[in-house]
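S.K.: my questions concern the predicted model and sequence given below.
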Amino acid sequence: MDSSKAIVNLYPYQKKWLLDPARFKEGRWARQTGKSFACGAGVVLDSRETDRNKWVCISSGERQVKEFMEKVRLHAEITEKALSWYEETYGYMNDEGQKEEYKVTECRLKNGSRIIGVPANPDTARGYSANIYLDEFSVHKNSRELWAAIFPIVSRGYKLWITYTPKGKQNKAYDVSKNDLFSHHVVDIYEAVRQGCPHDIEALKAGTDDPDLWAQEYEVQFLDEATAFITYDMINEVEHDKAGLPELYVNGQVYVGMDIGRRRDLTVLWVLEKVGDVLWTREVVTMLRASFSAQEQEVDRIWKQYRPLRLCMDQTGMGEKFVEDLQKKYSSRIEGVLFSALVKLDLANTLRRKFEDKLLRIPIHRDIRDDIHSVKKVTTSAGNIRFDVERTENSHADRFWALALAIHAANNPSGPIEYQSTGNKRESTKMAGFFR
C-alpha cells in the first residue's frame, strides 16, 4: 500500500499502521489520537487497490457507525473513487424475541468495491463474507459472541483489523492484545505527542484528574477490574443505540432519578420508561453550575413531557429545600432520599442487580460508561462497606447515583430507603392512578 496516494497528512504511527501488510492487525491507541481516521483511510486504500473488494466495518452502535463512515466518505472523496452512498434498514429478532431494526451504511467505489458500516451484533455480522474492521472493539456489546461470529469469516483469507482504547480485562480485546497471530500497534499519549499529535499532556492529565482513568485512556493500560463495582463488561451488555432518545418514549410508566449538584458536581436527571420488564433510558440531562431555579425549570419540563409516576432525588444537604419545594408542587410523587451508608449500599446493590439481570438499557456514551464504572466498593478494616470514587472534572459518580435513584423510583416504595413525603395521601393515590 502506497501511503503517498492518501493525500492527507498522517502522523508516523498512522502511516506505520497503513504500511503494515499483516493480515491481522491490532491497534491499541490512546484517546483522540486518530484510530478511526487512519483506519478509514486504510479501508479506502485497500478497497481502491483491489477490484470488487468488500470491507465490513463494525462499530458499537448506529451513531458510531455514522461517525466512522463519514471518515470513509472523506477518504473516498479525496481519492476520487467514491461512486455512491446507500443507507438501508434491516430487521432482526433480539434476545428478548422482539423485532429490532438497524441501519446499514454503504459506500461503493468505482471499481466495484464496497465498504459497509454496521452496528455491532453477532447475528448481523454473520451475514457477510468480507474483510472485517472492529472499531473501538473494547466497548462492543457481547464481544466474545461477536468474535465467535466473525472469526470464522476472516479465517477464509480475509483481513481483520481491530482498534480500541482498553476497557478492563474482561472483554475480548484483552485476549487479542496477547494473541501472537496479530501484528500489534501500541500508541500511548506520550508516543503520539512525540510523533506530532498536538495534545497538551499536562492539561489532559490535570483535566482527567484520575490516575486510573489516565492510565487506561491515555497510557493504554489494561486495569484489573477486581475493585470495580460494575465492570465495563456488565455496562457493555446493557448499552443500546436506541437508549437515551426522547422521541422513542411510548407513553409508558416513567420513573426519574435526580442527583443534585451546584458548584463542583453535576446535577443529573435520569429518565427511565418501563417497557415490559426492561427499564429503558429515555433521557439523561446533565447540568453544571446551574442555578436552582434553572434546575427546577428542567424538572418542570420533564414532568410535563413524561408525567413520571415517581421522581426520587438526593435530599442530603442542599437537596432538603429542593425536595420540599417540589413536593408542594407535585405532591408525594416526589420522594427525597437521605443518603447514608446503608441507603447508598441498598441503592447501589439494586442498580447492580439490574445490570446483572440485563433489565436495563442505557445510552452508548463514554461519559456515562466511565462514570458508572468509576464507583468502587470498599470494605473498611472495621468491616463497614463504603463506595469510593475519584472526583473528576466532569463528575463525582453523579450519573451513577441519578440512575440508582431512578431505579429505586421504579421499585416498590416500601423498600428500606429513608424518605420524607408531604401532601394528602388520598390525593397522591388518585393522581398516581390518573397517570397510569
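M.R.: Nice, I can see it. Numbers count the residues shown, from 1 in each chain.

S.K.: report pLDDT for Ser381.
M.R.: Ser381 carries a pLDDT score of 51 in this model.

S.K.: cool, and Trp280?
M.R.: Predicted confidence (pLDDT) for Trp280: 97.

S.K.: was I right about it contacting Val271?
M.R.: No - counting by Cβ atoms under 8 Å, Trp280 stays clear of Val271, with 9.4 Å between them. Placement of C-beta: from N, CA and C, glycine included.

S.K.: Asn179 is in what secondary structure piece?
M.R.: Assigned by DSSP states H and E, Asn179 falls within no helix or strand.

S.K.: so what's it closest to, chain neighbours aside?
M.R.: Leaving aside its chain neighbours, Asn179 sits nearest to Glu26 (7.6 Å; criterion: Cβ to Cβ, 6 or more residues apart in numbering).

S.K.: against which helices or strands is the one helix or strand Glu356 maps to packed?
M.R.: Assigned by DSSP H and E, Glu356 belongs to helix 341-357. Helices and strands touching helix 341-357, by 3 or more Cβ pairs under 8 Å, 6 or more residues apart in numbering; DSSP states H and E, are helix 232-238, strand 385-388, helix 398-410.

S.K.: and those, which is most packed in?
M.R.: helix 398-410 (a mean of 26; mean count of other Cβ atoms under 10 Å).

S.K.: quick one: pLDDT of Val378?
M.R.: For Val378, the predicted pLDDT is 67.

S.K.: picking up where we left off before, and the helix holding Glu356, how far out from the chain middle?
M.R.: 20 Å (Cα atoms, centre = their mean, to the nearest Å).

S.K.: next, the buried residues of that helix.
M.R.: 343-348, 350-352, 354-355 (16 or more other Cβ atoms under 10 Å).

S.K.: do the same with stretch 201-218
M.R.: Judged by neighbour count using 16+ other Cβ under 10 Å, the buried positions of stretch 201-218 are 204, 208, 210, 212-218.

S.K.: what's the most distant pair in those residues?
M.R.: Leu204 and Asp212 (14.8 Å; Cβ to Cβ).

S.K.: how about a markdown table for the helices and strands packed on helix 341-357, with distance to Val284 and mean pLDDT added?
M.R.: Shown next, in a markdown table, are the helices and strands packed on helix 341-357 (distance: least, Cβ to Cβ, whole Å; pLDDT from 0 to 100):
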| stretch | distance to Val284 | mean pLDDT |
| --- | --- | --- |
| helix 232-238 | 14 | 90 |
| strand 385-388 | 20 | 63 |
| helix 398-410 | 7 | 95 |
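
S.K.: make TSV out of these and add distance to Arg52.
M.R.: Output for the helices and strands packed on helix 341-357, formatted as TSV (distance: least, Cβ to Cβ, whole Å):
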stretch	distance to Arg52
helix 232-238	35
strand 385-388	55
helix 398-410	46
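
S.K.: out of those, which comes closest to Trp17?
M.R.: Closest of the helices and strands packed on helix 341-357 to Trp17 is helix 232-238, at 24.6 Å (criterion: Cβ to Cβ).

S.K.: what pLDDT does the model give Asp95?
M.R.: So Asp95 comes in at 61 (pLDDT).

S.K.: quick check: Ala125 vs Lys376, distance?
M.R.: For Ala125, the distance to Lys376 equals 34 Å [Cβ to Cβ, to the nearest Å].

S.K.: not counting its neighbours along the chain, what's nearest Leu266?
M.R.: Spatial nearest neighbour of Leu266, excluding adjacent residues (Cβ to Cβ, 6+ apart): Asp398 at 4.2 Å.

S.K.: do the same with Leu405
M.R.: Nearest non-adjacent residue to Leu405, counting by Cβ to Cβ, 6+ apart: Gly257, 3.0 Å away.

S.K.: now for the one you found: which residues touch it?
M.R.: Going by Cβ atoms under 8 Å, 6 or more residues apart in numbering, Gly257 touches 268-270, 272, 311-313, 401-409.

S.K.: repeat for Gln295
M.R.: 260, 267, 287, 322.

S.K.: which stretches of this structure have low pLDDT?
M.R.: 1-7, 81-82, 91-98, 124, 226, 262-264, 378-396, 412-436 (pLDDT under 70).

S.K.: from the recorded domain assignment, give the ranges for it.
M.R.: Annotated domains of the chain cover 3-217, 232-435 [automatic domain parsing].

S.K.: turn these into CSV, including distance to Leu223.
M.R.: Below are these laid out as CSV (distance: least, Cβ to Cβ, whole Å):
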stretch, distance to Leu223
domain 3-217, 5
domain 232-435, 10
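
S.K.: nearest to Asp224, of those domains?
M.R.: The nearest among the domains of the chain, by Cβ to Cβ, is domain 3-217 at 6.4 Å.
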